[in-house]
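Trainee: the following comprises the amino acid sequence and a computationally predicted model.
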Amino acid sequence: MAPDCIEKLRTAVASGALNSRDRAAARRLITTLSQPARIAVIGRRGAGKTSVVNMLAGATLMPETDGLTITELCYRTPEKMTCEYANGDVVDFDGIPDDFTLPEQAMRLRFDLPEPALATRTYIEVTLPDVPEMARDVLEMVAAQVDLALWCSPSPSQADAQLWQVVPDQLKDHSFFVLTHADRAGKAGHLDALMHRAQTRFDGAFLGIYPLVAATAAQAALAPDHAGSVLWRTSGARALVRDVERTILLSRKSDEGTAAALLDRVDTVCAPATASDLTNTLTAILSRTSGELSAADMKKTHHEVIETCRKAVKSMIDALPVDAPVGSAPERLHTEFSDASTRLRNLIQFPADASARQAVAIILQLNRELYGRIHA
């Protein structure tokens, strides 16, 4: 989004003209749209997380940190390292030594690097502690700070499935399960069984489950023309990186659309909203969504179709008055849209083609009923 739009959001927040819900939404959008997408790569020690980060970045940027709980890669020039210690002290270091060694008692490291790959992406490697209570605390903290997550594991466990339940649905809708060390499982003849176990234990809690030869994928990413290489495809990297990038793009476009809709309302927010105003706002969202779904050049996957529909419903919920009287048309619409949002989320468990068709059907149904419900 253009900087002037972000500045307009800041002005709208400072003006006091927005209601509490719109003000909170504007603040979230300012933060999200002003910074690179924040990607967490989460797992136990030895799960191949460092290789996954380097694969995503297309460069060997993440150092080996010997199981450090949190290691973050960010864009900055000149480079800097920030270390947070167990006693709470935070120390900045100018530059990063070539012979880097992990400081004693370090709990968290942040590397600020002038790397182009980090200009639009921030990577956070998270090593979960062995103690369940500590692992849950770390996961909850990280989940509140990131836009997308990849859970890395060579073998999906029931304990991991239970731990993942603490993650908010918003992040689950932007997360992937990565079955690392897929080559070892394949050689042992266990890959299909592990894939089935992951699908059973996590039961729709991720956008997808991806087998990956993590070390090979990280090595393949270093080649300038890696996107077309056999190694990039056979390691599992191509499918995973493609879907991660698509999800980031869809999420960013949705946030930009929500910001545009909010800014459209700023000029008239002080005047009482009429049924016609609300009709125009909601119909515009549905019309824009229908156009995206029908555009011949989009070639959306079933996941992209569902995500587009889900984001449209969320935008409509955000457009409704926050203080609508019980029993009023906007209040009934809020119930209707919330129900549609739940139905769209549940589609992830159904076959791809059927779920995409049903998502479009939900949008078309809302489009047909919208005008009459507002004027009821």
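Mentor: In hand now; what should we look at? None of the values given here were measured: they were computed from a predicted structure.
Trainee: number of nearby residues for Asp4?
Mentor: Asp4 sits with 8 neighbouring residues when counted by other Cβ atoms under 10 Å. The C-beta positions use only the backbone N, C-alpha and C, and glycine is treated the same way.
Trainee: what strand or helix carries it?
Mentor: Using DSSP states H and E, Asp4 maps to helix 3-15.
Trainee: and that helix, what does it pack against?
Mentor: In terms of contacts (3 or more Cβ pairs under 8 Å, 6 or more residues apart in numbering; DSSP states H and E), helix 3-15 is packed against helix 20-34, helix 237-266.
Trainee: go again with 6 Å.
Mentor: helix 20-34 (3 or more Cβ pairs under 6 Å, 6 or more residues apart in numbering; DSSP states H and E).
Trainee: following element in sequence after the helix it packs on, please.
Mentor: Following helix 20-34 toward the C-terminus (DSSP H and E): strand 37-43.
Trainee: can I get the following helix or strand past that next one in PDB, CA atoms only?
Mentor: Next helix or strand after strand 37-43 toward the C-terminus (DSSP H and E): helix 49-57. Provided in PDB are the C-alpha atoms of helix 49-57 (Å, rounded to 0.1, in the frame of the first residue of the first chain):
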ATOM      1  CA  LYS A  49      13.900 -25.100  11.000                       C
ATOM      2  CA  THR A  50      17.200 -23.300  10.000                       C
ATOM      3  CA  SER A  51      17.200 -25.000   6.600                       C
ATOM      4  CA  VAL A  52      13.500 -24.000   6.100                       C
ATOM      5  CA  VAL A  53      14.300 -20.300   6.900                       C
ATOM      6  CA  ASN A  54      17.300 -20.300   4.500                       C
ATOM      7  CA  MET A  55      15.100 -22.000   1.800                       C
ATOM      8  CA  LEU A  56      12.500 -19.300   2.100                       C
ATOM      9  CA  ALA A  57      15.000 -16.500   2.100                       C
END
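Trainee: tell me the domain boundaries of this structure?
Mentor: 3-33+245-374, 37-235 (automatic domain parsing).
Trainee: tell me how far the longest one is from the chain's mean position?
Mentor: The gap between where domain 37-235 is centred and where its chain is centred comes out at 14 Å by Cα atoms, centre = their mean, to the nearest Å.
Trainee: and the end-to-end length of it?
Mentor: End-to-end span of domain 37-235 (Cα to Cα, to the nearest Å): 25 Å.
Trainee: the protein: strands as residue ranges?
Mentor: Using DSSP state E, the strands found in the chain span residues 37-43, 70-75, 80-85, 90-94, 106-113, 121-127, 148-153, 175-179, 209-211.
Trainee: and the angle for the first one with helix 20-34?
Mentor: Inter-element angle recorded for strand 37-43 and helix 20-34: 80 degrees (by axes from the mean of the first three to the mean of the last three Cα atoms, to 10 degrees).
Trainee: who touches strand 37-43?
Mentor: Contact with strand 37-43 is made by 49, 52-53, 121-126, 142, 146-153, 248, as judged by Cβ atoms under 6 Å, 6 or more residues apart in numbering.
Trainee: that concludes my questions; thank you for your assistance.
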